[in-house]
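1. got a sequence here, can you build the structure:
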Amino acid sequence: MSRNKKAERIDIYARITDRIVAELEKGVRPWMQPWQSSDASSSVTRPLRHNGLPYSGMNVLLLWSEAVARGFSNPMWMTFRQALELGGRVRKGETGSVVVFASRFTRTETDTSGEEIDREIPFLKAYSVFNIAQIDGLPDHFYQRQAEPVRDPIARIEHADRFFANTGAVIRYGGDRAYFAPVTDHIQMPPFQTFRDAASYVATLSHELTHWTSAPHRVNRDLSRYAKDCSERAREELIAELGSCFLCADLGIAPELEPRPDHASYLGSWLKVLGCDKRAIFSAAAHAQRAVAFLHGLQPEAAEECEAA
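-> Numbers count the residues shown, from 1 in each chain. Next comes the predicted model:
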């Protein structure tokens, strides 16, 4: 890889991390912004590609943040070329929003003994996408937001409860703290009636379920230093917070706007971690995505799709 390409890759990590750090320094959690906007009454969803498929990982955070900062309510995004292929045109003067593509390439190297070995090299590429609100001339269905039926609050709780039950996680209720206990492999939750509302309950349980996925027989995320190293603890809590946001969006539920007191204290630790490691937020988003994908994989419909395939 040339020096210029390597510098460009590092700059992408640094540029995006610096932007998130700037928000955190103002006391704003960028991944929570979509529910603090004037459009908070609209349905909660992940950002969508031009074909309706949702973005994942780091790109969810980037596009959520862009949507709020620029007042976009439509969740769909596409590249300049995709807009042209669909008969649309990006309006003059509009600027794109950055998303990233992570992949690997194989390079053959010679080791110290003179033998050739293949080594996988990760790389990150940035490119621009435009929100539907910046594009004219697309087919009508791109501009028509289909209104979701109004759901009974109890049905929303039942919908989430079914998802949680299908994971098979052992959830115990009692006390005034929510946590995952790795030794006994169970999640402890305060009684449902003690939560401010159903969304707060779902967000909290989603957070603890993300921790739950860390077990070796699940996604195998190392928590051995969680209790001893404040930096490792901050990284894991960031993963769980992002996982909760991703899962809540998938369930169509707006998560907690106000951080739990025990999580708000991590703000300084997150700033320290991100300041020392420009790739930490990318890693956290990838781990969160992997955890949520695992939880989705435990649902009956996922098993049915595998059998059909």
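
2. pull up the gap between L238 and D185, please.
-> L238 is 22 Å from D185, where distance means C-beta to C-beta, to the nearest Å. Bear in mind the C-beta positions are built from the backbone N, C-alpha and C, glycine included.

3. show me which of these two is the more surrounded one.
-> L238 (25 against 13; other C-beta atoms under 10 Å).

4. so which bits of the helix or strand hosting the more buried one are buried?
-> Element membership for L238, per DSSP states H and E: helix 230-250. Under the neighbour-count criterion of 16 or more other C-beta atoms under 10 Å, helix 230-250 has 232-250 buried.

5. please apply the same query to stretch 46-57.
-> Buried, per 16+ other C-beta under 10 Å, within stretch 46-57: R46, P47, L48, R49, H50, Y55, S56, G57.

6. can you list contacts of that stretch?
-> Residues outside stretch 46-57 that contact it (C-beta atoms under 8 Å, 6 or more residues apart in numbering): 45, 59-60, 63-64, 67, 75-79, 82-83, 86, 99, 246, 249-250, 282, 285-286, 288-289.

7. and the contacts of the one helix or strand F294 maps to?
-> Using DSSP H and E, F294 falls within helix 280-297. Helix 280-297 is touched from outside by 13, 16-17, 20, 56-58, 60-61, 100, 102, 124, 163, 167, 209-210, 213-214, 218-219, 221, 235, 238-240, 242-243, 245-247, 250, 273-274, 302, with contacts defined as C-beta under 8 Å, 6+ apart.

8. now stretch 237-251: mean pLDDT?
-> Averaging pLDDT along stretch 237-251 gives 92.

9. stretch 46-60 too?
-> 91.

10. pLDDT weak spots in the stretch 201-309 of the chain?
-> Applying pLDDT under 70 to the stretch 201-309 of the chain flags residues 255-266, 302-309.

11. off-centre distance for the lengthiest strand in the chain?
-> The single longest strand within the chain, with elements called by DSSP state E, is strand 116-131. Remark: strand 116-131 is offset 19 Å from the chain centroid, using C-alpha atoms, centre = their mean, to the nearest Å.

12. having no further points to raise, I will conclude here.
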